[in-house]
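*Asks:* need coordinates for the following:
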Amino acid sequence: MKGVQTLFSQLLTAASEDTTRRTPGRNRELIARRDERLVYRHYYYLRISKKRYDEIIQLLSEEFDLSGYTIIERLQLENNFQLLKQVTAQQPGLNDLRKRYPWMVWK
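*Replies:* This next block holds a predicted model:
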């Protein structure tokens, strides 16, 4: 087919120009927001649902598509650990969690 190579070449060069402007890696803001949800969900399972630690890690692993090791690692980071301590001290109720994250299922 005539012209296909030209079209493909134009698309390929346009895409490569756009990627040079972006920084490599994951978006730190999105990771921080995910980690915040992870902390609140951990609090919910631990304090409100009264689940065992191994059950919590399994549920979070399924919910956030992360390995159990990664979840533990993320919760132990200084910012997330401080947030977990703060949330535990504030003791938000089920309605507070529903208001904060209305799209999540809070039973």
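*Asks:* for the chain, just list every one of the helices.
*Replies:* Applying DSSP state H to the chain gives helices spanning 4-21, 28-43, 53-64, 68-76, 78-90, 94-100.
*Asks:* buried ones in the second one, by neighbour count?
*Replies:* Pointing back at helix 28-43 there. Across helix 28-43, burial judged by 16 or more other CB atoms under 10 Å covers Asp35, Glu36, Leu38, Val39, Tyr40, Arg41, His42, Tyr43. To be clear about C-beta, it is placed using only N, CA and C from the backbone, and glycine gets the same treatment.
*Asks:* who's in contact with the fifth one?
*Replies:* Remark: with contacts taken as CB atoms under 8 Å, 6 or more residues apart in numbering, Tyr40 is in contact with Val87, Pro92, Leu97, Arg100, Tyr101.
*Asks:* whichever of those end up buried, select them in ChimeraX.
*Replies:* For the buried members of the contacts of Tyr40, the matching ChimeraX selection, counting by 16+ other CB under 10 Å, is:
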select :87,92,97
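*Asks:* from the contacts of Tyr40, which is closest to Leu66?
*Replies:* Leu66 has its nearest neighbour among those in Tyr101, at 17.4 Å by CB to CB.
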